[in-house]
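Undergrad: The following block contains a protein sequence and its predicted model.
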Number of protein chains: 2
Amino acid sequence: MAIPPAVNRPVRTIERAIEIMEYLKENDTATVSEMTDHLDCAKSTTHRYMKTLAANSLLVEDGNEYQLGIRFLDYGEVARNKYRLYDEAKPRVDELAEETEEKIWCAVEEHGRSVHIYGAQGKHSVQTYARVGHRNYLHQHAAGKAILAHLPDSQITETIDRHGLPGRTPQTITDRDELWEEIETIRDRGYAFNFQESVEGLHAVGAPITDENDVAIGAISVSGPASRLEGPFLRDELPTLLLGVVNEIGINMAHP
Amino acid sequence: MAIPPAVNRPVRTIERAIEIMEYLKENDTATVSEMTDHLDCAKSTTHRYMKTLAANSLLVEDGNEYQLGIRFLDYGEVARNKYRLYDEAKPRVDELAEETEEKIWCAVEEHGRSVHIYGAQGKHSVQTYARVGHRNYLHQHAAGKAILAHLPDSQITETIDRHGLPGRTPQTITDRDELWEEIETIRDRGYAFNFQESVEGLHAVGAPITDENDVAIGAISVSGPASRLEGPFLRDELPTLLLGVVNEIGINMAHP
DNA sequence: CTCCTGATTCAAGCTACTCGAACAAAACAC
DNA sequence: GTGTTTTGTTCGAGTAGCTTGAATCAGGAG
């Protein structure tokens, strides 16, 4: 897992095709000309790329505009179902959302980053940038920090070396030493907090789902406005609730 | 929409990369050697392809085995959220699943095929090959036929020409004339049935969601075992329920 | 009407993708 | 233990095919 992705001689054609997908993910829609400005090649090349992708349903063209095709849903769903965690976690995440009335996420680690594999919203839950499939830096949010703290030290170092510690809000931990301290704290108490470290005004708690060796295979988090998630509710009640859930999931994962 | 994907000179490199993804979708996991047998090129080439894809998190390697990365979830989710239909349909699909206790699907048309963009299961719903993101021939299932019947004739012809009418069960309609008759029937009554045409022992009803010009933008279906979905329940009750829902969605779509 | 902007096609040139051979590492047979 | 087989991986050379820029076509605006 988390192998450095240094390829000897990557295929540039593939990399550029991915750049197109990535650009469309960020910008929803683009024309050949617009994409040409973004890539570094001739317009005819971009045109050929996009037509090829569209012919295979990865892109959909609507007039001169291209966007991502829902064929990706298929690949995404297959990838997600690889994780047994998804099946185990989904019902509990739904329950948690109902109980807490806040936003619940289940995340896993892949390539040193976190991916939200499932989310459920409670009555009052807030909408943030996050969505299913969203890739995130581990150090920037509660679930990610919970995972990070429950990885072997070597893998933590590797992850930091590889991705650095980019900030997101003024509260994000961007200092290595500070992060290691935080990791110690998280290891001691068994769960992680996020005080406006990913989004201003947003608090969260995250607890790891671990295997028999106490290594994280994922995490669950509750997040909501700082005004609601505070005091004993945030400090005691939610963590207790979360720990119960992740323990249960962990046990179910260990004994299929 | 539904433009023939004939590209003048497709980029073979991209096409082969997609073949790798497709193979992994079908077979869950593969090694370089296994993939080489499948593709028609040197092992070193396959190796370079897969390493490049893995370096970009589209593939994940676990030892010598590769599988699809959950990065696709991200792309898939973005693509799905393009469809306003998804937001409108999701809550009603959930309700229908609760009410009927059967499996409900919401599908859209893309490139002459259908894609399940959302599904919900009721208490008794059966598991079939279908899953979110699944691409299907329009003529093989209830939702697809409902969509097909509510497309312009020219587009229907185009679709049949492009994809043919492959069978799936002995009941699948594989004859053009027969399909056109069926389309007329569906147009008259406003919804479509599926009598074991996609899966043996499975019945379904599908109704189209149409825009102001009565052109389909998607469809909703209820499916379940032939033993439960029969008689007046299948013939009258379910269609009435479905029509109510799709009308409501259609109106909401037209008046945002 | 002309002008402009965008998509699309095409021949020619040369980049970089493909190949096969060679190496390394692991699994296996005996 | 050694030899054998199977796997992933690297690298130089050759040429397939990708890239390019110019030319053409399509649509809108003034």
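TA: Yep, it's here.

Undergrad: Residue ranges in the stretch 151-256 of chain A under the pLDDT threshold?
TA: A:256 (pLDDT under 70).

Undergrad: For DNA strand D, give me its nearest residue in it.
TA: Nearest residue of the stretch 151-256 of chain A to DNA strand D (C-beta to the nearest atom of the strand) works out as residue A:158 at 17.1 Å. For every residue, glycine as well, the C-beta is placed using N, CA and C.

Undergrad: List the buried residues in the helix or strand encompassing that residue.
TA: Applying DSSP states H and E as the criterion places residue A:158 in helix A:153-163. Across helix A:153-163, burial judged by 16 or more other C-beta atoms under 10 Å in any protein chain shown covers A:155-156, A:158-160.

Undergrad: Tell me how many other residues crowd residue A:247.
TA: By other C-beta atoms under 10 Å in any protein chain shown, the residues close to residue A:247 number 14.

Undergrad: Now it: which helix or strand?
TA: Using DSSP H and E, residue A:247 falls in helix A:238-254.

Undergrad: which outside residues touch that helix?
TA: A:84-85, A:88-89, A:92, A:95-96, A:99-100, A:189-191, A:205-212, A:217, A:219-222, A:229 (C-beta atoms under 8 Å, 6 or more residues apart in numbering or on different chains).

Undergrad: Residues of the stretch 1-150 of chain A that sit close to DNA strand C?
TA: If contacts are counted using C-beta under 7 Å from any atom of the strand, the residues of the stretch 1-150 of chain A sitting beside DNA strand C are A:9-13, A:31-34, A:43-44, A:47-48, A:51, A:64.

Undergrad: of those residues, list those near DNA strand D.
TA: For DNA strand D, the contacts drawn from those by C-beta under 7 Å from any atom of the strand are A:12-13, A:43-44, A:48.

Undergrad: Next one: the residue of chain A positioned farthest from its centre from residue B:149, what distance?
TA: For chain A, the residue at maximal distance from the C-alpha centroid (C-alpha atoms, centre = their mean) is residue A:44, at 35.4 Å. Using C-beta to C-beta, to the nearest Å, residue A:44 is found at 40 Å from residue B:149.

Undergrad: Likewise for residue A:115?
TA: Residue A:115 is 39 Å from residue B:149, where distance means C-beta to C-beta.

Undergrad: Which parts of the stretch 1-150 of chain A are helices?
TA: Secondary structure of the stretch 1-150 of chain A by DSSP state H, counting those that start in this stretch: the helices cover A:12-27, A:32-38, A:43-55, A:71-81, A:84-100, A:142-149.

Undergrad: Can you report how many residues lie near whatever residue of the stretch 101-250 of chain A ends up closest to DNA strand D?
TA: The nearest approach of the stretch 101-250 of chain A to DNA strand D comes at residue A:111, 15.5 Å away (C-beta to the nearest atom of the strand). The tally of other residues near residue A:111 (other C-beta under 10 Å) stands at 23.

Undergrad: surely it meets residue B:61?
TA: No: look at residue A:111 against residue B:61 with C-beta atoms under 8 Å: they stay out of range, at 10.1 Å.

Undergrad: shouldn't residue A:56 be in contact with residue B:17?
TA: No: contact between residue A:56 and residue B:17 fails when scored by C-beta under 8 Å: they sit 9.7 Å apart.

Undergrad: more crowded one of the two?
TA: Relative neighbour count places residue B:17 above the other of residue A:56 and residue B:17, with 24 against 21, counting by other C-beta under 10 Å.
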